[in-house]
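Enquirer: Kindly return the folded structure for what I paste below:
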Amino acid sequence: MSKALPARPRLTTKVKNAFALVVSRYNGEFTSALEREARAELLAIDPVATVETFEAPGSFEIPLIVKLLAERRQYHALLALGVILEGETAHADLIAAAITNSLQQIALNHRVPVIHEVLLVASEEQARARCLEPALNRGREAARSAVAAAQTVQAIMTA
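Expert: Residues are numbered from 1 along each chain as shown. Below is the predicted model:
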């Protein structure tokens, strides 16, 4: 596990950015913190950006909502935010693999960055470290990745 967040990107374009956060409400203590940190970081980087939140009941439903938003073609990046706690069965691994594959396909098919921050963690302690504590906050990391990826895609598409 990396113990460092990526550097905050600088805006290189004058495009009015739009970002969509797709947030699982399952494990809400953690996912709400991911959402809050992602939104705050996106607006710290780009104060005039549009940031919209769309709720999913659980992490498994995130890819469908991301796909529907990608089809709108109005967002520069989509952020998938969720927390899956491992249990005693393979269920969490199956859910995480399905989400990962689906999100990648959506990004490739729709040519829009989809930032995957649906975390598969072994314990609530790991979830707290990644969602509630500033040093490793994956919501902040997702926002920085979204801005950087969106700028790269915009540069390629307009070149």
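Enquirer: Helices of the chain, residue ranges please.
Expert: Secondary structure of the chain (DSSP state H): helices at 28-45, 62-72, 91-110, 124-131, 138-158.
Enquirer: okay, those in CSV with mean pLDDT and mean neighbour count next?
Expert: (Each C-beta comes from the backbone N, C-alpha and C, glycine too.) Shown next, in CSV, are those (pLDDT from 0 to 100; neighbours: other CB atoms under 10 Å):
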stretch, mean pLDDT, mean neighbour count
helix 28-45, 96, 20
helix 62-72, 98, 19
helix 91-110, 96, 16
helix 124-131, 94, 18
helix 138-158, 94, 20
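Enquirer: Need those helices in CSV (columns: distance to Pro6).
Expert: Formatted as CSV, those follow (distance: least, CB to CB, whole Å):
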stretch, distance to Pro6
helix 28-45, 11
helix 62-72, 21
helix 91-110, 18
helix 124-131, 15
helix 138-158, 5
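Enquirer: Nearest to Pro9 among those would be which one?
Expert: helix 138-158 (4.4 Å; CB to CB).
Enquirer: ok so, going back, now for the helices of the chain, which one comes closest to Asn17?
Expert: When the helices of the chain are compared by CB to CB, helix 138-158 sits nearest Asn17, at 6.3 Å.
Enquirer: which residues sit in contact with the most centrally placed residue in the chain?
Expert: Centroid-nearest residue in the chain, with CA atoms, centre = their mean: Leu79, separated by 2.8 Å. Going by CB atoms under 8 Å, 6 or more residues apart in numbering, Leu79 touches Phe19, Ala20, Leu21, Val22, Ala38, Val114, Ile115, Glu117, Ala142, Ala143, Ala146.
Enquirer: Can I get those in a markdown table including distance to Thr152?
Expert: Formatted as a markdown table, the contacts of Leu79 follow (distance: CB to CB, whole Å):
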| residue | distance to Thr152 |
| --- | --- |
| Phe19 | 15 |
| Ala20 | 18 |
| Leu21 | 20 |
| Val22 | 21 |
| Ala38 | 19 |
| Val114 | 14 |
| Ile115 | 13 |
| Glu117 | 18 |
| Ala142 | 16 |
| Ala143 | 15 |
| Ala146 | 11 |
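Enquirer: The closest residue in space to Ala129 that isn't next to it in sequence and Ile65: what is the separation?
Expert: Leaving out its chain neighbours, the residue that sits closest to Ala129 by CB to CB, 6 or more residues apart in numbering is Leu136, at 5.4 Å. Taking CB to CB, to the nearest Å as the measure, Leu136 and Ile65 are separated by 26 Å.
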